[in-house]
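K.L.:
sequence isn't available, so here's the structure alone:
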């Protein structure tokens with residue numbers, strides 16, 4: 001394959017966009033029909049991560065006054081989840097750590113949230129019970145990451161407070177962290193970030209954000225799909241409805257698309273160009289964050305980027321044409337590994353899936369998931385990093 005290198009240096013980089021857009025589709029369909037339509041025409045039914053997403057979604061449906069499907073639906077098997085759903089915050093096995101008291105969780109009525117008892121054991125509790133709570137703040141280090149809020153709130157109110165003022169309700173990922181939380185709370189009973197939920201998103205994302213009406217979900221047997229209610233009184237809050245009801249709906253279109261096929265770098269490059277736009281070029285920190293978010297759903301240890309080593313010029317470059325000025329190599333030697341492929345298997349760049357999420361140099365023949373850009377991203381006014389190569 002012949003490669004043409006175009007060197008492009010851009011002025012300062014400013015971006016305030018987020019990595020997806022919402023589209024309101026004013027056609028009445030069942031939830032399953034809406035899901036199929038969104039997957040064919042966009043990315044999927046809408047997944048909502050926070051109130052900013054909610055407002056952006058509502059803004060796309062100005063003038064509509066009624067119910068609209070989102071991507072949330074109910075499954076048969078409830079599971080315990082952490083409020084902080086960022087996979088990058090957990091090492092292998094940490095998301096499954098528990099410290100239940102004997103006979104717990106008992107699964108009593110309304111007991112869908114976890115309290116931490118004095119001594120460190122956990123109990124399932126009615127989420128509406130007012131309790132003290134512990135927030136986690138990733139901007140600090142050591143014990144300062146754990147913040148006791150000496151004000152009683154319900155679990156949802158506590159979650160909202162932590163997200164607005166810190167990072168999230170605390171996740172307890174191992175016994176050492178359980179002991180650190182004990183030092184913070186001083187023998188008090190507190191909410192932690194664990195909750196039980198049988199609602200999941202159509203695209204399998206792990207967003208724990210919920211915006212239910214006070215009377216929802218009502219857990220009636222057949223109300224297994226969620227709508228956002230766009231009336232002045234409801235202000236976009238969610239309600240569970242029968243999935244066979246017909247409503248307009250919200251689709252999400254990502255600027256990036258994770259492809260869970262295991263292909264070589266060259267095959268992945270061709271796949272993206274034929275079906276999307278190209279393998280993703282990561283020339284700014286903002287795009288790196290988008291890629292890290294997308295890679296959380298990957299089924300391989302690494303995911304391919306549009307990064308390749310050019311032997312004749314002894315440089316790494318992006319398939320979009322930029323040389324590598326801004327980078328996130330895992331180690332300095334990874335960047336130097338490119339020239340190893342000049343005598344054998346060509347090298348290309350991949351992103352680690354999991355803790356760190358930095359770049360590594362791998363043989364192009366390695367078969368991985370990969371991330372493509374979409375037309376949505378191609379239409380953005382992207383500018384590269386201001387650096388000297």
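P.N.:
Looks like it arrived, so ask away. Quick caveat: nothing in here was measured; it's all calculated off a predicted structure. Numbering: from 1, shown residues only.

K.L.:
how about the contacts made by the nearest residue to residue 151 once chain neighbours are set aside?
P.N.:
Spatial nearest neighbour of residue 151, chain neighbours left out: residue 132 (7.1 Å); criterion: CB to CB, 6 or more residues apart in numbering. No exception for glycine: its C-beta is placed from N, CA and C like everyone else's. Residue 132 sits next to 148-152, 185, 188-191 when contact means CB atoms under 8 Å, 6 or more residues apart in numbering.

K.L.:
tell me where the model's unsure across this structure.
P.N.:
Low-confidence segments of the chain (pLDDT under 70): 1-19, 87-88, 332-341, 343-344, 355, 376-389.

K.L.:
what helix or strand is the residue sitting nearest the centre point of it located in?
P.N.:
Nearest residue to the geometric centre of the chain (CA atoms, centre = their mean): residue 293, 4.9 Å. Using DSSP states H and E, residue 293 falls within helix 285-295.

K.L.:
same thing with residue 198?
P.N.:
Going by DSSP H and E, residue 198 is in strand 190-201.

K.L.:
starting at the chain centroid, how far to the following helix or strand past that strand?
P.N.:
The first helix or strand that comes after strand 190-201 along the chain, using DSSP H and E, is strand 225-229. From the chain centre to the centre of strand 225-229 is a distance of 21 Å (CA atoms, centre = their mean, to the nearest Å).

K.L.:
OK, contacts around residue 183?
P.N.:
residue 143.

K.L.:
make it 6 Å
P.N.:
Residues in contact with residue 183 (CB atoms under 6 Å, 6 or more residues apart in numbering): none are found.

K.L.:
for it, helix, strand, or coil?
P.N.:
Following DSSP: H, G, I helix; E, B strand; the rest coil, the label given to residue 183 is helix.

K.L.:
quick one: it from residue 90, how far?
P.N.:
In this view, residue 183 and residue 90 are 22 Å apart by CB to CB, to the nearest Å.

K.L.:
gap between the helix holding residue 293 and the chain center?
P.N.:
A distance of 10 Å separates the centroid of the chain from that of helix 285-295, by CA atoms, centre = their mean.

K.L.:
contact partners for the residue nearest to residue 348 when sequence neighbours are not counted?
P.N.:
Counting by CB to CB, 6+ apart, residue 348 lies nearest to residue 265, which is 4.0 Å off, once chain neighbours are set aside. Shown in contact with residue 265 (CB under 6 Å, 6+ apart): 304, 348, 364.

K.L.:
if you set the cut-off to 8 Å instead, what comes out?
P.N.:
Going by CB under 8 Å, 6+ apart, the list of residues near residue 265 reads 304, 308, 346, 348, 362, 364-366, 368, 370.

K.L.:
cool, and residue 68?
P.N.:
Per CB under 8 Å, 6+ apart, neighbours of residue 68: 24, 61, 227-228, 230, 247-250.

K.L.:
got the buried residues for the helix or strand containing it?
P.N.:
Counting by DSSP H and E, the element that carries residue 68 is strand 67-82. For strand 67-82, burial by neighbour count (16 or more other CB atoms under 10 Å) applies to 67-74, 80-82.

K.L.:
tell me the buried residues in stretch 51-69?
P.N.:
If you call a residue buried by 16+ other CB under 10 Å, then stretch 51-69 has these buried ones: 53-54, 57-58, 61, 67-69.
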